[in-house]
Each structure stands twice: as structure tokens, then as C-alpha cells.
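Novice: no FASTA, just this:
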């Protein structure tokens, strides 16, 4: 499976006046199962717009999003369902992505039913329990009947990941999925994401402004600035031999734990 | 006499009609003039509530209970009337929050908001744009073309500029202490570096004491000389920033540092505090009572 963005641009009308905002300018990006790809950049660089483009959530101004060579815009109904199943999202704010009035079990279960992964009550419950086990929320009975506000931030983020992987996706688009978490919880969720690659072969497009995390987990990095991908390459190359001045300034501004003398 | 002495501070917050939590439990801090002190901890550790208590900015709910002692010099503030707190906040303590957009008035020009923070006796000029003191503090926090910025509304400024305006408002009254609660958490890395440098320069120049509250150990490492580590509402470890970060004594601080370093160090595996260790730490810190 191959998810590709080709020459994609997205222009928004400016809020006032007739001006235009070029949120993404002729971007090219490739993602595949088993691979950890990161998009880094600062706020306003267009990285979240690119994420929404990958998810097919906003129409493009020009260019295409293709899954295995088939553009989103020309997909048949069946192909579109296939795409929807295989490319999932985990977004930043778990409290904003979970319905506060639905229990964990219901939030995940209704997706299982909607996509007809399982039909009977028992099968759905088994699927949900399996997904919760994958993200380390065990025993499942402990969490099925809880509401989002009864969970910690890290647990909510795990529920979102469980909800994404219950459909057996090949690629997960994670937009600032760990940015709001404490260090220990962040390490836990990243570990989980890594282990899902090993166990289920999931690939990630990981959108973040957190450079140390990228260095730690990503294999390939795209650097965005003002809507453009200004640099891309294997993680090692980007961190050790950044070419673009913007990438260099990003790397230089990361603080270290060492106490200055 | 210490400039600020907090002794056995406890804060109870209501969480439901009949429920409350002890967000801060028996916390003691000593701050001297010009000190640069960090308070670190995870979300829910009580670090922000401690900071707000010191500035007298806890919710005004009769069920919020503050016990212990907060003394500025010989002035006891726990149980002090609102007017006494107003005085402390207008002269002694300035506060900087994470999110400048909720703190700034969206329909008032930035210069006017800075001017309001300056004691009336030291204001001059017809309005904010012609008040040299307003322009002086705006320039001090590194805003180019202060006269221009003074005429802008908050939404016309970038996030980094708004955060600088907050610093300007905090220092406009030349306070003895600035409490900065996650001042750069919402900012991009390159902007964060600049805003921290500004804050650093400003408190150094004015000799202002700084309490920096953050979950980000790297920020605290770069900005403070001493640090308090909080967990479950308690201070579990304190010492010089260098000592705590290089040779932590408390099991929680050790675990926290291990997980932070696992996110940045190349040759270590990602490490999060395992549940059984967390239970042990809970037990150790709270004595099993929470």
C-alpha cells in the first residue's frame, strides 16, 4: 500500500478582503505501512492542513492524493471505503475528539458496527476488547464503561489510538498526538506506537513541532515552512546535515537539559 | 528575613458538590530577592495551584480553602482581605500565564493595557502611545518599534509578540517577583527561545525574583538556579537546578528524569514510569493517602 500526495496545493480565502492564504504549496509526500514519517514545522507552516489533505478531509485546490495510484477524487465507492478503513487519524486533543457523553466501549464499538467489522454484540465487544488490549488498557472491563472525563490524558490518547487501530488500518495520520502529554506518558504512547508497527505493521505520518521526539522515532522527515516542504530526507541526514537555513534554526533553538555553566 | 516565605501551604479545591481534593499539601518554599527558582512536575502535581496561591489568584469560591502561611517580608497573606492581595499584585508580584490570548483584553490597544499596569503616579503623557514608560517597557521586552506595537490590538500580534506583551505588563509595575506559569509552552521552539531570552534579560536587568513553573525540564534547566520538584501536591525534592538534574535523590525525580532523557538521548530506549513503580512512588510520597 502506498499513500501519496502529489503536487498538492490548498488555498484558503483570507478572512477579510480578497486576499488568499496559500496554506500548502505544491507538496509531495509518500507514506507506507511499517514506516514512520514525520512532518515538522512551526504553527502556521501548513502541516495540519497537509494532514487533513492526507485524510481526504478538505478538497484540494490543485494536485492529488492517491492510494496505490488511484486519486481520491476518482475512487469508486468501494475504493473509497477501502481508503477510509486503511488511513486513520489520531488528533491532538483527545478531549475534543471523544464524545463526552459516550463511554469508551460505545465510542469504539459504534465504529466497529459502522464499518461492519463485526455485527453481533459479542463480536463487537471482542473487537473492542482486543483494541483496548493492543494499547495497554487492560483489563478491558475496567475501561469499557468509563467516560472520557474519568480517564487521564494518556489514557484518553490511548483510547483514540485504540479507536483508530480497531479498523486494522495500514497508515495512521497522527497530528500532534503526543504534544500535550507529560514526558513519561509521552514515552509510553510513543513506545506503543512503535510496538504497533512491529506487531501490526502500521505506518505513521507523524505531525509535530517536537524535534527530539522526531529524532527518536521517525525514519524520514519533511520540514515545512509557510506552506512549503523546504527540506526532506532520512532522519539522520536532517539532524546531522540540515541544508535549509530554516531547518538549521529549528534545530538550533531546541533546548537541552544540560544546565549552562 | 526572606523576601517570600511559604510554609506548610495546603490548598483544597472542590471537585463536586460534596467532594474536594487537596491540590497542594504542606508545601514550603523560600524565595530571596533576585532568586530564579523553578517549580517542575507533571500535570496535576499542584505546581500551578501553588503559583496561583502565591499570587492570590485562586478561584474566589468559599469552598477553596488555603491553610498554612504565605509571607511577603513580615506580611502574612493567608486569610488577608482582598484589598491586601490587590496591593501585593499591583506592587510586588507580576504573573505571566501560558495563554496570552485569554489574559489580554481583545478590545483594548496593547499600549493601554501596559499603561494600566503602571502605577498612576508614574504614568505620564496624554495616552499610552505618548507615555515614555509604556514605550520603555515594550522596548525592554524586545518588541521592535514600540510606538507602533502600542497602537495595535492583541489579535494583530503574533503569539510570541503577545507573550512579550504579557511580560511587559508584568514588569511595568517593577515588581519584586514574577511568577511565570508555563510562559512558553504554547509557543514554537524558535519563538520560545527568544521569549525565554527576553524574560531572562529582563529579570536580570531589574533584579526581579522569578518563579518559573513548567513541566519542561529543559526550560527550567536553562532559566533557574534552584528547583522544587512537585508530585501529588507535595514538594518531593529541592536543590540547585544542577544538582537535581544531574544527581536526583528522590525516586520520583529519578524516574521523571529517566523518562525525559529517554525522549532525547539517542542510545536509550523510550521509557515511561511503569505502573508498579508509580504505585510505589505514590505510596512513598503520600503514605498511601490521597
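Specialist: On my side now, so go ahead. Keep in mind that what you see is a predicted model, and the values were worked out from it rather than measured. Numbering: from 1, shown residues only, chains lettered A, B, ... in the order given.
Novice: Flag every residue of the stretch 51-200 of chain A that's near chain B.
Specialist: Applying Cβ under 8 Å from any Cβ of the partner chain, we find that the stretch 51-200 of chain A lies next to chain B at A:153, A:182, A:183, A:184, A:185, A:186, A:187, A:188, A:190, A:191, A:194. Bear in mind the C-beta positions are built from the backbone N, C-alpha and C, glycine included.
Novice: With secondary structure added, can I get these in TSV?
Specialist: Converted to TSV, these look like this (DSSP: H, G, I helix; E, B strand; the rest coil):
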residue	secondary structure
A:153	helix
A:182	coil
A:183	helix
A:184	helix
A:185	helix
A:186	helix
A:187	helix
A:188	helix
A:190	helix
A:191	helix
A:194	helix
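Novice: Show me the shaky parts of the chain.
Specialist: Unless you meant another one, I'm taking chain A. Scanning chain A for pLDDT under 70 picks out the ranges A:15-18, A:93-95, A:260-261.
Novice: Correction: the question concerned chain B.
Specialist: B:288-290.
Novice: could you pull out the helices for it?
Specialist: B:47-54, B:82-91, B:100-103, B:110-117, B:132-140, B:146-150, B:159-172, B:189-206, B:217-223, B:241-246, B:251-264, B:275-286 (DSSP state H).
Novice: Minimum distance to residue A:233: which of the ones you listed has it?
Specialist: helix B:189-206 (19.4 Å; Cβ to Cβ).
Novice: how about that closest one: buried residues?
Specialist: B:189, B:190, B:191, B:192, B:193, B:194, B:195, B:196, B:198, B:199, B:202, B:203 (16 or more other Cβ atoms under 10 Å in any protein chain shown).
Novice: Would you mind putting those into CSV with distance to residue A:229 alongside?
Specialist: As requested, these are exported to CSV (distance: Cβ to Cβ, whole Å):
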residue, distance to residue A:229
B:189, 18
B:190, 18
B:191, 21
B:192, 23
B:193, 23
B:194, 25
B:195, 27
B:196, 29
B:198, 31
B:199, 33
B:202, 37
B:203, 39
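Novice: just to revisit the earlier point, turn the helices of chain B into a markdown table, including distance to residue A:249.
Specialist: Below are these laid out as a markdown table (distance: least, Cβ to Cβ, whole Å):
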| stretch | distance to residue A:249 |
| --- | --- |
| helix B:47-54 | 31 |
| helix B:82-91 | 37 |
| helix B:100-103 | 23 |
| helix B:110-117 | 27 |
| helix B:132-140 | 24 |
| helix B:146-150 | 23 |
| helix B:159-172 | 14 |
| helix B:189-206 | 6 |
| helix B:217-223 | 17 |
| helix B:241-246 | 26 |
| helix B:251-264 | 19 |
| helix B:275-286 | 38 |
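Novice: Dump the ones you listed to a markdown table, plus distance to chain A.
Specialist: Below are those laid out as a markdown table (distance: least, Cβ to the nearest Cβ, whole Å):
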| stretch | distance to chain A |
| --- | --- |
| helix B:47-54 | 12 |
| helix B:82-91 | 30 |
| helix B:100-103 | 13 |
| helix B:110-117 | 20 |
| helix B:132-140 | 22 |
| helix B:146-150 | 20 |
| helix B:159-172 | 7 |
| helix B:189-206 | 4 |
| helix B:217-223 | 4 |
| helix B:241-246 | 4 |
| helix B:251-264 | 4 |
| helix B:275-286 | 8 |
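Novice: For the residue nearest to residue A:3 when sequence neighbours are not counted, what are phi and psi?
Specialist: Closest residue in space to residue A:3, ignoring its immediate chain neighbours: residue A:31 at 4.5 Å, by Cβ to Cβ, 6 or more residues apart in numbering or on different chains. Per-residue torsions, residue A:31: phi -140, psi 140 (degrees, to the nearest 10).
Novice: just the residues of the stretch 1-150 of chain B that are near chain A, which are they?
Specialist: B:42, B:43.
Novice: Run through the residues that contact the residue lying closest to residue B:64 once chain neighbours are set aside.
Specialist: Spatial nearest neighbour of residue B:64, chain neighbours left out: residue B:58 (5.2 Å); criterion: Cβ to Cβ, 6+ apart. If you count contacts by Cβ atoms under 8 Å, 6 or more residues apart in numbering or on different chains, residue B:58 has them with B:11, B:13, B:49, B:52, B:64, B:66.
Novice: and the residue of the stretch 1-150 of chain A found nearest chain B, which of the three is it?
Specialist: Residue nearest to chain B within the stretch 1-150 of chain A: residue A:42 (3.7 Å; Cβ to the nearest Cβ). At residue A:42 the chain is in coil, as set by three-state DSSP.
Novice: Quick check, it in contact with residue A:208.
Specialist: No. With contacts counted by Cβ atoms under 8 Å, residue A:42 stays clear of residue A:208, the gap being 10.8 Å.
Novice: what does stretch B:261-274 rub up against?
Specialist: Taking Cβ under 8 Å, 6+ apart as the rule, stretch B:261-274 contacts A:183-188, A:190-191, A:194, A:212-213, A:215-217, A:256-257, B:255-256, B:258-259, B:281.
Novice: of those residues, buried ones?
Specialist: Buried among those by 16+ other Cβ under 10 Å: A:183-188, A:190-191, A:194, A:212-213, A:215-217, A:257, B:255-256, B:258-259, B:281.
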